[in-house]
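>>> generate coordinates for the sequence data below:
(chains A, B, C, D, E and F)
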Protein chains: 4
Amino acid sequence: MARPKSDDKRSAILAAAAEIFAERGLGAATSAISSAAGIAEGTLFTYFKTKDELLNALYREIKMELSSAMMSNFPRKKSVRTRLHHIWNRFVNWGVANPVSRFALAHLEVSDRLTDESKVAGSAPFAEVETLVDDAAAQRLFRNVPEELIAASLRSLASATMDLIAANPRMADQYREAGFEIFWTGVTKKR
Amino acid sequence: MARPKSDDKRSAILAAAAEIFAERGLGAATSAISSAAGIAEGTLFTYFKTKDELLNALYREIKMELSSAMMSNFPRKKSVRTRLHHIWNRFVNWGVANPVSRFALAHLEVSDRLTDESKVAGSAPFAEVETLVDDAAAQRLFRNVPEELIAASLRSLASATMDLIAANPRMADQYREAGFEIFWTGVTKKR
Amino acid sequence: MARPKSDDKRSAILAAAAEIFAERGLGAATSAISSAAGIAEGTLFTYFKTKDELLNALYREIKMELSSAMMSNFPRKKSVRTRLHHIWNRFVNWGVANPVSRFALAHLEVSDRLTDESKVAGSAPFAEVETLVDDAAAQRLFRNVPEELIAASLRSLASATMDLIAANPRMADQYREAGFEIFWTGVTKKR
Amino acid sequence: MARPKSDDKRSAILAAAAEIFAERGLGAATSAISSAAGIAEGTLFTYFKTKDELLNALYREIKMELSSAMMSNFPRKKSVRTRLHHIWNRFVNWGVANPVSRFALAHLEVSDRLTDESKVAGSAPFAEVETLVDDAAAQRLFRNVPEELIAASLRSLASATMDLIAANPRMADQYREAGFEIFWTGVTKKR
DNA sequence: AATGAATGAGCTTTCATTCAT
DNA sequence: GATGAATGAAAGCTCATTCAT
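Modelled structure (predicted):
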């Protein structure tokens, strides 16, 4: 083989795309991305046939990153609360540590350019969370609310928490813990 | 003035813009908007000097709409819970009843094209909510969490609730009530 | 109406396109055409939505030109020989007088970018020639050759004649007359 | 030389080029050619420095092929009619048997990318035809027409004949014979 | 010599904005 | 003020050619 397609270059493009998209939205020019990645305009298209393909690849990549950040060292045997807390912390910490990915993801998620395959692939790694919620529901830990509202609440409260931390990083620990308490108390039965 | 700029036309443009932006994102062409508004391409620019000006005007308009939807018949004298419940219900109902505005707003809020003035103007009408939260804090109703997390939780939980209702409108009442309970329980002190 | 689309400009584009295509083939850039037509690059596309649309319009225009050149003052009542001679002369003279159209047409005819509609529209004006050949066949003027070979011979001999005239314009009259004699003698019965 | 440039590969490229150009015109990408030839994109350029060089080589190759098809077993001693008939038949049969070469050649001949050298080289093998025509002229076989019109008529009528055969292969023999009769009768003196 | 990734000029087309009518 | 044609600067993408391997 001649020069093989380099994984480095592919990664550089994805990283540059995340940065540019996070900053300027998906309308940003591919030329901005290639130049940020330090490659020629045409080279981008040997790694991703179209801009949409790049978009979808980036989405899946970020989702995988996030999922592995959330799921590494997952305390599968511990209590529901511990497991949810683990997920919450990892999620929030990931968002705080990776604002670029987070913003890029936000843009990607509201766009209409993700294929169904990407959406499926992107949500697959979160199956564990579903199981967890099912589990808890079986244990009758939750208040009498539709199950899907539980997961949605976790996601949305975590996002709100990340925003606050981004605005005021010094308060990170307090926001993160308080956020989880709101979620947990809101969602579980009173005792 | 011979022919004064017509408020009708201005409104038509804003309505068309909301629809088009909701559907296609902010990248949509101004020509799509003018044609949806039933006016000539050039006419749009006598009402809004640039596309960004239109964007910002639309943002402020939607925010005002939302704010007045939330604040009409506000039970200023009633309990904190009643008042928050009022806001919650109005907010969620508005989002459900005005999906176009809601989606347009979502696009606008993640864009980098809103001026600081717009952001300020857009949040001003929500001052009442702040006051309300202050009030409640003074009454020591809330659990020991940073105050700004309260408002953020309300917003984000309400958004999540709207999404669920949009996906499954028959469950509207259940989602709305359950959502509020999660918020209220999560945020107030245990008794 | 504001500035109405001008027929002048449309014609200028078609003329420029003929010139450029004749010279460089259909691969020539649209920007070369717009600049030759004295308009901005974008303006071309308000008159022709795509390059292919321009191509097809040009084809039909040239075919119409040619057809009206051939058919004006057509001696409908005269002998078959006179009528064929008329067509021959008009065809050859048109080609000699309009080399740009002729070359552009040559490029267009071998391209795979003409729609079926264009091909039909382009051949329609030549129905008269068909009729003429049918007529002559009915009169048993032609030698025992497939009818379609008659028309094909006329076309191809005329083209060859035009090429020779283009290479040596002073011989125009001789080539034209000699060409017709070859055609007529080749195609009709010996007496 | 370690690995000499292979004639096989050169031929494969020319064959692939003929096929691709016949089908899509000269605008076709060199990458399509290299892939059809089963070689790498870059390899094409070790055999032909530029696309234009390939174009010109292909033109000459096809012309040589055609010429040798026409001239093999040439009945040098037979009558002018027999010799012209031989050429005619070989020419037409070649075109029918090698549509790819024929179409590629058609594209090449109208392009402006052939060098003068190529044009000269391409016409050289047809010197024999010239001689033949000279010969016949000396014998006063031809009608009183410019000599160059004779060769041009042969070429153009043969092309027209090939087109008809391509459209209706079952009629091949009839078209070929009738075509020749038109040519011969058209061009020679009446008796 | 062979490979195919890398390059960047060039292509067609879109679009916010201007301006003649 | 209203209109929509005119503008030209991008945009995404292609492709002949180069060059590291």
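
>>> I'd like the next helix or strand past the helix or strand bottoming out on mean pLDDT in chain A.
Within chain A, no helix or strand scores below helix A:127-138, which has a mean of 88 by mean pLDDT, DSSP states H and E. Using DSSP states H and E, the helix or strand that follows helix A:127-138 in sequence is helix A:147-167.

>>> packing partners for the least confident helix or strand of chain A?
helix A:80-97, helix A:147-167 (3 or more C-beta pairs under 8 Å, 6 or more residues apart in numbering or on different chains; DSSP states H and E). The way it works is simple: take the backbone N, C-alpha and C, and place the C-beta from them, glycine included.

>>> SS state for the closest residue to DNA strand E within chain A?
Among the residues of chain A, residue A:42 lies nearest to DNA strand E; the distance is 1.8 Å by C-beta to the nearest atom of the strand. Using DSSP: H, G, I helix; E, B strand; the rest coil, the structure places residue A:42 in coil.

>>> quick one, which of the helices and strands packed on helix A:127-138 gets closest to residue A:23.
Residue A:23 lies closest to helix A:147-167 among those, at 14.3 Å (C-beta to C-beta).

>>> how about the helix or strand following the closest one as CSV, C-alpha atoms only?
As assigned by DSSP H and E, the chain's next helix or strand after helix A:147-167 is helix A:172-187. What follows is helix A:172-187, C-alpha atoms only, in CSV (Å, rounded to 0.1, in the frame of the first residue of the first chain):
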residue,chain,number,x,y,z
ALA,A,172,-18.8,22.3,40.0
ASP,A,173,-18.9,19.9,42.9
GLN,A,174,-21.8,21.6,44.6
TYR,A,175,-23.9,21.9,41.4
ARG,A,176,-23.2,18.3,40.6
GLU,A,177,-24.2,17.0,43.9
ALA,A,178,-27.2,19.2,44.3
GLY,A,179,-28.4,18.3,40.8
PHE,A,180,-28.3,14.7,41.6
GLU,A,181,-30.2,15.2,44.8
ILE,A,182,-32.9,17.1,43.0
PHE,A,183,-33.1,14.3,40.5
TRP,A,184,-33.1,11.5,43.0
THR,A,185,-35.5,13.0,45.4
GLY,A,186,-37.8,14.1,42.7
VAL,A,187,-38.0,10.7,41.2
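
>>> where does pLDDT dip in chain A?
Residue ranges of chain A with pLDDT under 70: A:1, A:191.

>>> wait, residue A:62 sits on residue A:107?
No - using C-beta atoms under 8 Å, residue A:62 is not in contact with residue A:107; the gap is 10.7 Å.

>>> what about the two, which has more around it?
residue A:107 (25 against 22; other C-beta atoms under 10 Å in any protein chain shown).

>>> okay, and that one sits in which element?
helix A:99-110.

>>> helix or strand right after that helix?
helix A:116-123.

>>> what helices or strands is that next one leaning on?
helix A:51-71.

>>> redo that, cut-off 10 Å
helix A:51-71, helix A:99-110 (3 or more C-beta pairs under 10 Å, 6 or more residues apart in numbering or on different chains; DSSP states H and E).

>>> quick revisit: for the helices and strands packed on helix A:127-138, which one sits closest to chain D?
Of all the helices and strands packed on helix A:127-138, the one in closest proximity to chain D, counting by C-beta to the nearest C-beta, is helix A:80-97 (41.8 Å).

>>> what do residue A:62 and residue A:107 both touch?
residue A:18 (C-beta atoms under 10 Å, 6 or more residues apart in numbering or on different chains).

>>> before we move on, back to that, I'd guessed the residue of chain A closest to DNA strand E sits against residue A:48; true?
No - counting by C-beta atoms under 10 Å, residue A:42 does not reach residue A:48; the two are 11.8 Å apart.

>>> neighbour count: the two, which is higher?
Set side by side, residue A:42 and residue A:48 show more neighbours around residue A:48, with 20 against 8, by other C-beta under 10 Å.

>>> ok, that one - contacts?
A:10, A:13-14, A:17, A:30, A:33, A:54-58.

>>> export the helices and strands packed on helix A:127-138 to a markdown table and tack on mean neighbour count?
Shown next, in a markdown table, are the helices and strands packed on helix A:127-138 (neighbours: other C-beta atoms under 10 Å in any protein chain shown):
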| stretch | mean neighbour count |
| --- | --- |
| helix A:80-97 | 18 |
| helix A:147-167 | 21 |
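
>>> make TSV out of these and add distance to residue D:70.
Shown next, in TSV, are those (distance: least, C-beta to C-beta, whole Å):
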stretch	distance to residue D:70
helix A:80-97	76
helix A:147-167	78
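
>>> okay, those in TSV with distance to chain C next?
Below are the helices and strands packed on helix A:127-138 laid out as TSV (distance: least, C-beta to the nearest C-beta, whole Å):
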stretch	distance to chain C
helix A:80-97	43
helix A:147-167	42
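
>>> got TSV for those, with distance to DNA strand E too?
What follows is those, written out as TSV (distance: least, C-beta to the nearest atom of the strand, whole Å):
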stretch	distance to DNA strand E
helix A:80-97	29
helix A:147-167	29
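
>>> of those helices, which is nearest chain B?
Once these are compared by C-beta to the nearest C-beta, helix A:147-167 is nearest, at 3.9 Å.

>>> now do that closest one against helix A:80-97, angle only.
40 degrees (axes from the mean of the first three to the mean of the last three C-alpha atoms, to 10 degrees).

>>> show me what helix A:147-167 is packed up against.
Partner elements for helix A:147-167 (3+ C-beta pairs under 10 Å, 6+ apart): helix A:80-97, helix A:99-110, helix A:127-138, helix A:172-187, helix B:147-167, helix B:172-187.

>>> again, only this time at 8 Å
helix A:80-97, helix A:127-138, helix A:172-187, helix B:147-167, helix B:172-187.

>>> three-state assignment of the residue of chain A found nearest chain D?
Going by C-beta to the nearest C-beta, chain D is nearest to residue A:2 of chain A, at 7.6 Å. For residue A:2, the assignment made with three-state DSSP gives coil.

>>> state the distance from it to chain B.
38 Å (C-beta to the nearest C-beta, to the nearest Å).

>>> tally of neighbours for that residue?
For residue A:2, the neighbour count with other C-beta under 10 Å is 6.

>>> tell me how chain A divides into domains.
A:1-49, A:62-187 (automatic domain parsing).

>>> what about residue A:106, distance to residue A:159?
8 Å (C-beta to C-beta, to the nearest Å).

>>> ignore the last one, residue A:34
31 Å.

>>> now do residue A:68
For residue A:68, the distance to residue A:159 - C-beta to C-beta - is 19 Å.

>>> before we move on, which element is residue A:22 in?
With DSSP H and E as the test, residue A:22 turns up in helix A:7-24.

>>> packing partners for the helix or strand following that helix?
Sequence order places helix A:30-37 as the next helix or strand after helix A:7-24, per DSSP H and E. Under the contact definition 3+ C-beta pairs under 8 Å, 6+ apart, helix A:30-37 sits against helix A:7-24, helix A:44-47, helix A:51-71.

>>> again, only this time at 7 Å
Judged by 3 or more C-beta pairs under 7 Å, 6 or more residues apart in numbering or on different chains; DSSP states H and E, helix A:30-37 is in contact with helix A:7-24, helix A:44-47.

>>> for those helices, which one sits closest to residue B:129?
helix A:7-24 (28.9 Å).

>>> run the contact check for the closest one versus DNA strand E.
Yes - applying C-beta under 7 Å from any atom of the strand, one finds helix A:7-24 in contact with DNA strand E at residue A:9.

>>> measure how that helix sits relative to helix A:99-110, angle-wise.
70 degrees.

>>> hmm, helix A:7-24 touching DNA strand F?
No - using C-beta under 7 Å from any atom of the strand, helix A:7-24 never reaches DNA strand F; the gap is at least 9.2 Å.

>>> I am finished for the moment; much appreciated.
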